[in-house]
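>>> sequence-free structure coming up:
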């Protein structure tokens, strides 16, 4: 499906989010807090828009995505950026060593993984002791009026926008349903704790339409002899 929408993916996202996609990306980049010399894994990176934002401080970013089409567009679009490396990868079976990354992040991709808890376990495995995870994902607005209006938008307005903007509108048919079925903020926080992350917290963006979840892999938790 993502191969089919890769050509106009970023444009469609900007329209569907009513311009908020760039603001969510800024918030995610700040939460990751990339530093020069760090190695960061950006999972479900798509065409690499988020990866480029993470690389501006001099961090080396591995942009991983399951979709060959997304990776192809990303490589072509960002061929001149030596700090971004594109790798085709399955989030539930990452082709990286234990403790390889200072930070692992995923934006609007965990919801598309068939086994999200297995993916989070993989995030934990490849995170260095002392490293962090940041997940940006659609979530559940806590206030009823906002929640009702949001789901009305998903069901009635979004499909019309997709027909105008996407290179394959049918591929987006599942989007509203997947967002409605996604667990709320406390549930995702519990998944991160179950995987081993400490200091787990979340922050709502856009009144809870999106939430940023963060966690730390402590040195003590990572060491089997501690």
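That came in fine, so what should we check first? All of these numbers come straight from a predicted model, not from anything done at the bench.
>>> quick check: residue 59 vs residue 190, distance?
29 Å (CB to CB, to the nearest Å). Glycine gets a C-beta too; all of them are placed from N, C-alpha and C.
>>> higher neighbour count, those two?
Neighbour count, other CB atoms under 10 Å: between residue 59 and residue 190, residue 59 has more, with 21 against 12.
>>> got a list of what residue 113 touches?
Taking CB atoms under 8 Å, 6 or more residues apart in numbering as the criterion, residue 113 is in contact with 44, 91-92, 119.
>>> now those in TSV, with pLDDT, distance to residue 180 and neighbour count?
Shown next, in TSV, are the contacts of residue 113 (pLDDT from 0 to 100; distance: CB to CB, whole Å; neighbours: other CB atoms under 10 Å):
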residue	pLDDT	distance to residue 180	neighbour count
44	94	20	24
91	97	22	23
92	98	23	16
119	98	20	24
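>>> and which of these is nearest to residue 27?
Closest approach to residue 27 among the contacts of residue 113 (CB to CB): residue 44, at 17.0 Å.
>>> find the nearest non-adjacent residue to the closest one, please.
Distances taken as CB to CB, 6 or more residues apart in numbering put residue 109 closest to residue 44, at 2.3 Å, once the chain neighbours are dropped.
>>> ok, the one you found - contacts?
43-44, 46, 91, 137.
>>> and those residues, which of them are in strands?
43, 137 (DSSP state E).
>>> strands of this protein, start to end?
Going by DSSP E, the chain shows strands at 39-43, 60-65, 84-88, 101-107, 127-138, 198-205, 210-216.
>>> could you dump those to CSV with mean pLDDT, distance to residue 26 and mean neighbour count?
As requested, those are exported to CSV (pLDDT from 0 to 100; distance: least, CB to CB, whole Å; neighbours: other CB atoms under 10 Å):
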stretch, mean pLDDT, distance to residue 26, mean neighbour count
strand 39-43, 98, 15, 26
strand 60-65, 98, 16, 25
strand 84-88, 97, 18, 19
strand 101-107, 97, 11, 26
strand 127-138, 97, 11, 22
strand 198-205, 97, 10, 15
strand 210-216, 97, 11, 23
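>>> nearest to residue 182, of these?
Closest among the strands of the chain, using CB to CB: strand 127-138, at 6.2 Å.
>>> and that closest one, what does it pack against?
helix 21-32, strand 101-107, helix 116-126, helix 185-195, strand 210-216, helix 219-222 (3 or more CB pairs under 8 Å, 6 or more residues apart in numbering; DSSP states H and E).
>>> any idea of the angle the longest one forms with strand 210-216?
The reference is to helix 21-32. Angle of helix 21-32 versus strand 210-216, following axes from the mean of the first three to the mean of the last three CA atoms, to 10 degrees, is 10 degrees.
>>> any idea of the mean pLDDT in helix 21-32?
Helix 21-32 comes out with an average pLDDT of 92.
>>> quick one: contacts of that helix?
13-14, 17, 40, 49-50, 53-54, 103, 105, 107, 132, 134, 136, 203, 205-206, 210, 212, 214.
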